[in-house]
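**Student:** Output the structure for:
(chains A and B)
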Amino acid sequence: MADRTMTLKVTRYRPEHRPEPYFDQFDVPFREDMVILDALNHIKDELDGSLTYRWSCRMGVCGSCGMMVNGKPRLTCSTFLREFGSKPVVVQPLEGFPIVRDLVVDMTAFMEKLRAVKPWIIRHSEPSMEAGEFLQTPEEVDRYKQFSMCINCMLCYAACPVFGKDPDFLGPAVLALAHRYNLDSRDEGWPERHQAIAVDWGIWDCTFIGECSVACPKGVDPAAAIQREKVAKTTDAMFSMMLPFGGQA
Amino acid sequence: MGGGAAGLRAAIAAAEASDGLDIALVSKVYPMRSHTVSAEGGAGAALGPDDSLDLHAFDTIRGSDYLADQHAVEAFVAEGPGEIVQTERWGCPWSREPDGRLAVRAFGGMSVNRTAFAADKTGFHLLHTLFQTSLKYERIVRLDEFFVTSLLLEDGRCVGVAAIDMRDSEVRCITAKAVILCTGGIGRVFSFTTNAAINTGDGMALAYRAGVPLKDMEFVQYHPTGLPGTGILMTEASQGEGGYLVNNEGRRFLEDYIPSKMELGPRDILSRAIIEEIEKGHAFEGPYGHYVHLDIRHLGEKTIDKRLPFVRELATKFVGIDPVHEPIPVRPVVHYMMGGIDTDEVGRTRLPGLYAAGEAACVSINGANRLGSNSLTECLVFGRRVGRLAAQDALVAAAPSENPVVRLAEAEQERLVASYLEKETGTERVAAVRRDLQAAMERGAGVFRTEESLKQAVEEVGELRERYADLSLDDRERAFNTELVAALELGNMLDVAETIVRSGLDRRESRGSHTRRDYPDRDDDRFLAHSLAFASAEGPRIEYGDVTITRWPPEERKY
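**Tutor:** Numbers count the residues shown, from 1 in each chain, chains lettered A, B, ... in the order given. As a prediction, the model looks like this:
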């Protein structure tokens, strides 16, 4: 089987025992096709059942398993051990968030921010269900599709220097999601949604460093979303209220 | 309970049904982590011009090997299109025709193009759309990362749940006039599965222990095309878009098994065909066992990127194979539980106050084999149905009395502390018992089963129960104790596993996904019936219930 091992240095935080986080070190058998999450599962299953982290789908779509791997925010289910040669790999909780336990961070504030930008279709009037679906051409889908690919893994927050300093910053994923609905031809909520994000802790907090877009494992470009919302003027809002489909059709 | 497609749809339906209700959405993970997120291919509904409700119903019933309840199927197909449109209104980025209408694609066992899709991330988009839409309703209060440990019962009624708040491992008592279980499937009971880590049959086990039977648990769906090793799903839409299954002779071997449908045959037939090819020596061999090839190269890069981008992403990332240039290694993998909590066609169980929908429930529209793309639609249709029904019932139900319920929760806390957190004896590791359970199920209750293999599995699960009683946790902390949760999940998995192998042992025929080598034929005289597994001190007691036939009398299942 495994003819060599790899060393993982993992953050531990056990508030009932020690007030500060510390590192534990584990050796795990190495396989060429092994991801960081496999190594964590090996530790939990065989060595120390108290190691604590979130994971679920192991295919890069549920967004649970984001952690700092050698200082970079990564999905651990999609990050291969072989990437790191033979040096120890350092696994830490996502940066910028309070730690609950070991590699588990507190995402309560993130969930509140999600709701704050009204990520749902807003319309002035709703045609009857008998009228069937809203028509939306493939080109209209393509306008917002990229921004609908966010899996809420929060890697972009861990990468964002602004969020690192200001935990109240609505942040890349949430602002990109607001932009996604603003671009949707079915939506008429631009004015109120823009109001929710055109605030000091929203789009105006972003200094366009662009680390979020680099960190995103799903090809979303939150930095672009934020810049596009910044240049959207009040007059656009007026237009969007007068035109059908929020002026986006 | 549960924040996937069915749970969210039920919560929204309940919120829309009345202003006078408080709705709690309780989930062991944040809703957008639910396993709905991994559904790829699409959601089936008779939307196309060449389609009809009867055709969708017939395909579903034939696919079920005549074990589906036909009145439920009729309701399902009738409400499916409206639910797809509803999620479209809520913003789901469905793939479109050039003129802007919803597009539909081909899927296995369906006579016409019927599967609405959002590229091949349909579950992801549907889940996030439902979750984001649910945020609109302030009446829906989320209890994220709460793990339900038992149902609270009072005078023969379900009056709420006891749940651990994972933050501090304290049992909270959530009283309710109606409790809906939408906790998904059981894939992790097997070692090789497409399912996420969270799919441990929690809701099924809760209902079962409360006296509600689990129906048709012998019917476990193997998906023909999972990646060897990880079990990651390669969507059936790959075949819907025109992909081939090829053996080690370079031949599309399905011409020997189901020539009329080839790659668009139903999943049970395709999975059996692949296993038989493996047994004939027609498969490739790799480090994770035998496999065949799924070849989509001829579709071309443009189509693959437009219609199957996730397949390309997953194959490239996890097995280092770019399907634009190379065929993908695939083998049958546990994917879906046709069985589940016995409900009627609106989601009511036989325990007053308790309801269920989605994969956790067994209505049954899926019978002995579910057709691909019916499950997302099932979550929507029956999620809405059960949400409305539970809301109506809750408006007229009496409030549970406070005292007994609080005492029940206290007793539950004491049990968890004594059995796990402060237990001083025990030598077994959670992971070891779990791994042996998964291996036993894989051996005993796989694609092909026999009296002997199932008996063996029954015995092994029994032994594993004894080992479970000897469990000892490394983790004794109260803060976010995932080992405690894993231990409780393992308890649920053992309960559910026992019903699978017992029901399988007693069904001495072959129907749909349940294939007995010793009983190769379907036997309608004895087994055109739903199995019902009741909990008892001696393990599951199997009874049988009627199948509802309306307009499609059972006939030989031919393609």
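**Student:** going forward, measure contacts between C-alpha atoms and count neighbours the same way
**Tutor:** Will do.
**Student:** The residue in chain A sticking out farthest from the centre in helix, strand or coil?
**Tutor:** Ranking residues of chain A by C-alpha distance from their mean position (C-alpha atoms, centre = their mean) puts A:E130 at the top, at 36.7 Å. What DSSP: H, G, I helix; E, B strand; the rest coil gives for A:E130 is helix.
**Student:** From B:Q86, how far off is it?
**Tutor:** 10 Å (C-alpha to C-alpha, to the nearest Å).
**Student:** Mind giving me the packing neighbours of the helix or strand bottoming out on mean pLDDT in chain B?
**Tutor:** Ranked by mean pLDDT, DSSP states H and E, the weakest helix or strand in chain B is helix B:402-416, scoring a mean of 86. Using 3 or more C-alpha pairs under 8 Å, 6 or more residues apart in numbering or on different chains; DSSP states H and E, the elements in contact with helix B:402-416 are strand B:146-154, strand B:170-175.
**Student:** so which of these gets nearest chain A?
**Tutor:** strand B:146-154 (13.7 Å; C-alpha to the nearest C-alpha).
**Student:** what's the domain layout of chain A?
**Tutor:** Listed domain ranges for chain A are A:5-105, A:108-247 (source: automatic domain parsing).
**Student:** least reliable of those domains going by mean pLDDT?
**Tutor:** The weakest mean pLDDT among these belongs to domain A:108-247, with a mean of 91.
**Student:** So what's the gap between that one and the chain middle?
**Tutor:** Its chain's average C-alpha position is 13 Å from that of domain A:108-247, according to C-alpha atoms, centre = their mean, to the nearest Å.
**Student:** before we move on, back to that, can you redo the domains of chain A as CSV with distance to chain B?
**Tutor:** Below are the domains of chain A laid out as CSV (distance: least, C-alpha to the nearest C-alpha, whole Å):
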stretch, distance to chain B
domain A:5-105, 4
domain A:108-247, 4
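**Student:** Redo those as TSV? Include distance to B:K306.
**Tutor:** As requested, the domains of chain A are exported to TSV (distance: least, C-alpha to C-alpha, whole Å):
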stretch	distance to B:K306
domain A:5-105	18
domain A:108-247	11
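**Student:** Which among those domains is found nearest to B:Y519?
**Tutor:** Proximity to B:Y519 (C-alpha to C-alpha) singles out domain A:5-105 among the domains of chain A, at 36.1 Å.
**Student:** which ones are touching the spatially most central residue of chain A?
**Tutor:** Within chain A, one residue has its C-alpha closest to the average C-alpha position: by C-alpha atoms, centre = their mean, that is A:M154, at 2.8 Å. Applying C-alpha atoms under 8 Å, 6 or more residues apart in numbering or on different chains, we find A:M154 in contact with A:63, A:66, A:173.
**Student:** Scan these and report the most crowded one.
**Tutor:** Each of the contacts of A:M154 was scored for neighbours by other C-alpha atoms under 10 Å in any protein chain shown, and A:A173 scores highest at 30 neighbours.
**Student:** That residue against A:A223, yeah?
**Tutor:** No: contact criterion C-alpha atoms under 8 Å: A:A173 and A:A223 do not qualify, at 9.5 Å.
**Student:** For burial, what's the neighbour tally of residue 71?
**Tutor:** Looking at chain A here, since you left the chain open. What A:G71 shows, counting by other C-alpha under 10 Å, is a neighbour count of 16.
**Student:** Let me rephrase: I mean chain B.
**Tutor:** B:H71: 17 neighbours (other C-alpha under 10 Å).
**Student:** what's the following helix or strand after the top helix by length along chain B?
**Tutor:** When chain B is parsed with DSSP state H, its longest helix is helix B:482-506. Where DSSP states H and E defines the elements, the next helix or strand beyond helix B:482-506 is strand B:515-516.
**Student:** Next up, the contacts around B:G41.
**Tutor:** B:115, B:117, B:119-122, B:235-237, B:373.
**Student:** so of these, which ones are in strands?
**Tutor:** B:T115 (DSSP state E).
**Student:** For the stretch 251-400 of chain B, which segments count as strands?
**Tutor:** Ranges of strands in the stretch 251-400 of chain B, per DSSP state E, counting those that start in this stretch, are B:284-286, B:289-295, B:328-337, B:340-342, B:354-356, B:361-362.
**Student:** Could you list the low-pLDDT ranges of the stretch 301-450 of chain B?
**Tutor:** For the stretch 301-450 of chain B, no stretch has pLDDT under 70.
**Student:** Near chain A, which residues of it? Just list them.
**Tutor:** B:314, B:317-319, B:429-432 (C-alpha under 8 Å from any C-alpha of the partner chain).
**Student:** Got the phi and psi for the closest residue to B:Y66 other than its chain neighbours?
**Tutor:** Nearest residue to B:Y66 in three dimensions, chain neighbours excluded: B:P554, at 5.7 Å (C-alpha to C-alpha, 6 or more residues apart in numbering or on different chains). For B:P554, the backbone dihedrals (degrees, to the nearest 10) come out as phi -60, psi 130.
**Student:** quick one, what contacts the closest residue to A:T5 other than its chain neighbours?
**Tutor:** Distance criterion C-alpha to C-alpha, 6+ apart; nearest residue to A:T5, sequence neighbours excluded, is A:P29 at 4.3 Å. Contacts here follow C-alpha under 8 Å, 6+ apart; on that basis A:P29 touches A:2-6.
**Student:** Tell me where chain A has strands.
**Tutor:** Using DSSP E, strands in chain A cover A:5-12, A:22-29, A:66-69, A:72-75, A:89-92, A:99-101, A:104-105.
**Student:** So for B:K302, which of those sits nearest?
**Tutor:** Here strand A:72-75 is closest among the strands of chain A (C-alpha to C-alpha), at 27.4 Å.
**Student:** And that closest one, what does it pack against?
**Tutor:** For strand A:72-75, the packing partners by 3+ C-alpha pairs under 8 Å, 6+ apart are strand A:66-69, helix A:155-159.
**Student:** among the ones you listed, which is nearest B:E145?
**Tutor:** It is, among the helices and strands packed on strand A:72-75 and with distance given as C-alpha to C-alpha, strand A:66-69, at 16.9 Å.
**Student:** State the distance from the nearest residue to A:R193 once chain neighbours are set aside to B:E88.
**Tutor:** Spatially, and ignoring its direct neighbours in sequence, A:R193 is nearest to A:V117 (5.8 Å; C-alpha to C-alpha, 6+ apart). Separation of A:V117 from B:E88 (C-alpha to C-alpha): 20 Å.
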